[in-house]
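In: Based on what follows, work out the 3D shape:
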Amino acid sequence: MTIVRSTLPESALRVTGDALQETLIDLLGLSLIGKQAHWNIVGPRFRSIHLQLDEVVDTARSYSDQVAERAAALGIAPDGRPETVAARFALPGTKEGWLRDNDVVRLLVEALTTAIGRLRERIEATEETDKVSQDLLISLTAELEKQRWMFEAENWPRENA
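Out: Numbers count the residues shown, from 1 in each chain. Down below sits the predicted model:
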């Protein structure tokens with residue numbers, strides 16, 4: 001059932017819709033990773049990383065709303081149901097239990113790196129289909145790159161450098 005008719009041609013809508021939906025799943029999962037790590041982090045850098053995790057979660061939640069609303073504006077029903085996220089989420093996740101601060105930093109660098117790589121593919125895919133959605137993905141990528149940089153800086157000097 002189509003409630004909102006898109007202003008995009010069908011082929012462009014399909015590409016853009018897939019990019020937005022997969023981004024929504026990545027962001028919802030990233031917010032869950034961030035909260036799980038936030039609740040379970042231990043170690044000497046607990047406080048600074050604990051607070052930084054909230055920044056990642058806030059970014060993921062804010063952009064997930066923007067991405068879902070962009071999809072809805074194009075006539076695509078966004079799907080953020082838990083079963084959808086669980087079935088299609090592809091970023092690295094946390095292990096169960098307490099998490100050492102160094103492990104959290106590594107995990108977030110890896111998860112953000114993966115998310116950014118996936119976003120760059122979607123930016124390319126939407127270049128010809130929808131510049132407005134592409135712009136949203138570009139600004140999201142910039143925010144996640146900033147968060148990744150901050151976590152990467154937590155690892156300096158690198159353990160194996």
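In: alpha carbons only for contacts and neighbour counts from here, please
Out: Will do.
In: list the helices and strands the one helix or strand residue 49 maps to packs on?
Out: Using DSSP states H and E, residue 49 maps to helix 46-73. Under the contact definition 3 or more C-alpha pairs under 8 Å, 6 or more residues apart in numbering; DSSP states H and E, helix 46-73 sits against helix 10-40, helix 101-125, helix 131-154.
In: Just the angle for the second one relative to helix 131-154, thanks.
Out: Between the axis of helix 101-125 and that of helix 131-154 there is an angle of 160 degrees, by axes from the mean of the first three to the mean of the last three C-alpha atoms, to 10 degrees.
In: Not counting sequence-adjacent ones, nearest residue to residue 38?
Out: With sequence-adjacent residues excluded and distances taken as C-alpha to C-alpha, 6 or more residues apart in numbering, residue 38 is closest to residue 50, at 5.2 Å.
In: For that neighbour, list the residues it contacts.
Out: 37, 38, 39, 41 (C-alpha atoms under 8 Å, 6 or more residues apart in numbering).
In: In this structure the second one contacts residue 54, no?
Out: When you say that, I think you mean residue 38. Yes - judged on C-alpha atoms under 8 Å, residue 38 makes contact with residue 54 at a distance of 7.3 Å.
In: of the two, who's got more company?
Out: residue 38 (21 against 16; other C-alpha atoms under 10 Å).
In: what's the spacing between that one and residue 136?
Out: 27 Å (C-alpha to C-alpha, to the nearest Å).
In: Need the pLDDT of the most centrally placed residue in the chain.
Out: The chain has residue 27 as the residue nearest its centroid, 3.2 Å off, counting by C-alpha atoms, centre = their mean. At residue 27, the model reports a pLDDT of 98.
In: got it, and residue 160?
Out: So residue 160 comes in at 52 (pLDDT).
In: So, low pLDDT: which residues of the chain?
Out: Applying pLDDT under 70 to the chain flags the ranges 1-2, 157-161.
In: mind running it again at 90?
Out: Low-confidence segments of the chain, defined by pLDDT under 90: 1-9, 93, 154-161.
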